[in-house]
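S.K.: 3D, please:
(2 chains)
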There are 2 protein chains.
Amino acid sequence: MDIFKFKTLALRRAVSLMLIAMAITLFSSGRATAQQKKQVVRLAKIQVDPAQLESYKVALKEGIETAVRVEPGVLTYYAVADKDNPAHITILEIYADSVAYKAHIETAHFKKYKNTVKDMVKSLELVDVNLVAVAKKPGL
Amino acid sequence: MDIFKFKTLALRRAVSLMLIAMAITLFSSGRATAQQKKQVVRLAKIQVDPAQLESYKVALKEGIETAVRVEPGVLTYYAVADKDNPAHITILEIYADSVAYKAHIETAHFKKYKNTVKDMVKSLELVDVNLVAVAKKPGL
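M.R.: Here you go, the predicted model:
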């Protein structure tokens, strides 16, 4: 195909760099194990006051989206609600390491979240866990 | 820069397609809400026989990695073990929709997993949940 007959060295280099970047993205899961060993992973089990559930969800979304956006070491949050008990929330939290986690709980956005929800949360159980296995479609 | 002075239309097109693909990857999280509403999301809470824990983990990893690799509608698994009780496993499971989930439990690899672990699993609780919020670093 014509598009692969590159005329200049610079262009060949640029395309090579793009392909390398794509390869790194595609195969990054293979590099995860060493990184995963340092990660702080936790399940937060939260019983919310049902009357304040929607307000709680708004505060939670803002808190986790801000943390992931601005803190390099805040990696992943999945928050789910039991279908049979929607005020029972479970959050899977993944931080790059314990330094990242300690920095996280000192941020203004985390303190704002904790202060906002303090009268919405009826109980909170934190369970420290280790990742056993992760399998995901690429890009999810 | 010289590398952006593309000489041929075909090349310009190829580079544009690459950039579009990258943009779709970067911004795909914004398209997720409509898809998420159809998803089947679940927490599986499993107490494994501690004496068979390593064998269980091997079977679990093989099962989830195969499912994500070969089934289009099997999206995500995170399996974690309590630090204080490593034989207590929690799995967050996400399927594209109920059709994908029903297809999954009929596959040969799922049946192989269930058969392999049937004497390793002491108890299994399945909790149907809804996603409340997800926040992740791009590419994770």
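S.K.: can you pull out the strands in chain A?
M.R.: Here chain A has its strands, by DSSP state E, at A:40-48, A:74-82, A:88-95, A:121-136.
S.K.: need these in TSV (columns: distance to B:Tyr77, mean pLDDT and mean neighbour count).
M.R.: Any C-beta I mention is one placed from the backbone N, CA and C, and that applies to glycine too. Formatted as TSV, the entries for the strands of chain A read as follows, by distance: least, Cβ to Cβ, whole Å; pLDDT from 0 to 100; neighbours: other Cβ atoms under 10 Å in any protein chain shown:
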stretch	distance to B:Tyr77	mean pLDDT	mean neighbour count
strand A:40-48	14	98	18
strand A:74-82	11	98	21
strand A:88-95	11	98	22
strand A:121-136	5	97	16
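S.K.: same list (the ones you listed) but as JSON lines, adding distance to A:Lys61.
M.R.: Formatted as JSON lines, those follow (distance: least, Cβ to Cβ, whole Å):
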{"stretch": "strand A:40-48", "distance to A:Lys61": "13"}
{"stretch": "strand A:74-82", "distance to A:Lys61": "8"}
{"stretch": "strand A:88-95", "distance to A:Lys61": "11"}
{"stretch": "strand A:121-136", "distance to A:Lys61": "15"}
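S.K.: will you turn those into JSON lines that also has distance to chain B?
M.R.: What follows is these, written out as JSON lines (distance: least, Cβ to the nearest Cβ, whole Å):
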{"stretch": "strand A:40-48", "distance to chain B": "6"}
{"stretch": "strand A:74-82", "distance to chain B": "4"}
{"stretch": "strand A:88-95", "distance to chain B": "6"}
{"stretch": "strand A:121-136", "distance to chain B": "4"}
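S.K.: nearest to B:Leu53, out of those strands?
M.R.: For B:Leu53, the closest of those is strand A:121-136, at 9.6 Å, according to Cβ to Cβ.
S.K.: what about the closest residue to A:Leu53 other than its chain neighbours, distance to A:Lys112?
M.R.: Nearest residue to A:Leu53, sequence neighbours excluded (Cβ to Cβ, 6 or more residues apart in numbering or on different chains): A:Ala87, at 5.3 Å. For A:Ala87, the distance to A:Lys112 (Cβ to Cβ, to the nearest Å) stands at 22 Å.
S.K.: can you check A:Val127 too?
M.R.: 24 Å.
S.K.: hmm, back to that, A:Ala87 and A:Lys112: which has the busier surroundings?
M.R.: Higher neighbour count among A:Ala87 and A:Lys112: A:Ala87, with 17 against 14, using other Cβ atoms under 10 Å in any protein chain shown.
S.K.: the residue nearest to A:Gly63 when sequence neighbours are not counted and A:Gln35, how far apart?
M.R.: Once flanking residues are discounted, A:Gly63 sits nearest to A:Tyr113: 3.5 Å by Cβ to Cβ, 6+ apart. In this structure, A:Tyr113 and A:Gln35 are 26 Å apart, going by Cβ to Cβ.
S.K.: the two: who's more crowded?
M.R.: Legend: neighbour count by other Cβ under 10 Å for A:Tyr113 and A:Gln35, higher for A:Tyr113 (19 against 12).
S.K.: I'd guessed the more buried one sits against A:Glu65; true?
M.R.: No. Counting by Cβ atoms under 8 Å, no contact exists between A:Tyr113 and A:Glu65, whose distance comes to 10.8 Å.
S.K.: tell me where chain A has helices.
M.R.: Per DSSP state H, chain A carries helices over the ranges A:9-27, A:32-38, A:53-70, A:98-104, A:108-117.
S.K.: deepest in the core, which of these is it.
M.R.: For those, ranked by mean neighbour count under the definition mean count of other Cβ atoms under 10 Å in any protein chain shown, the leader is helix A:53-70 at a mean of 17.
S.K.: using CSV, write out every CA atom in that one.
M.R.: Once side chains and other backbone atoms are set aside, the C-alpha atoms of helix A:53-70 remain, and they are given as CSV (Å, rounded to 0.1, in the frame of the first residue of the first chain):
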residue,chain,number,x,y,z
LEU,A,53,-29.1,8.8,49.1
GLU,A,54,-29.2,11.0,46.0
SER,A,55,-27.2,13.8,47.8
TYR,A,56,-24.7,11.2,48.9
LYS,A,57,-24.3,9.9,45.3
VAL,A,58,-23.6,13.4,44.0
ALA,A,59,-20.9,14.0,46.7
LEU,A,60,-19.4,10.6,46.0
LYS,A,61,-19.2,11.2,42.3
GLU,A,62,-17.7,14.6,42.7
GLY,A,63,-15.2,13.3,45.2
ILE,A,64,-13.9,10.3,43.2
GLU,A,65,-13.9,12.1,39.8
THR,A,66,-11.9,14.9,41.3
ALA,A,67,-9.4,12.6,43.0
VAL,A,68,-8.8,10.5,39.9
ARG,A,69,-8.4,13.7,37.8
VAL,A,70,-6.0,15.6,40.0
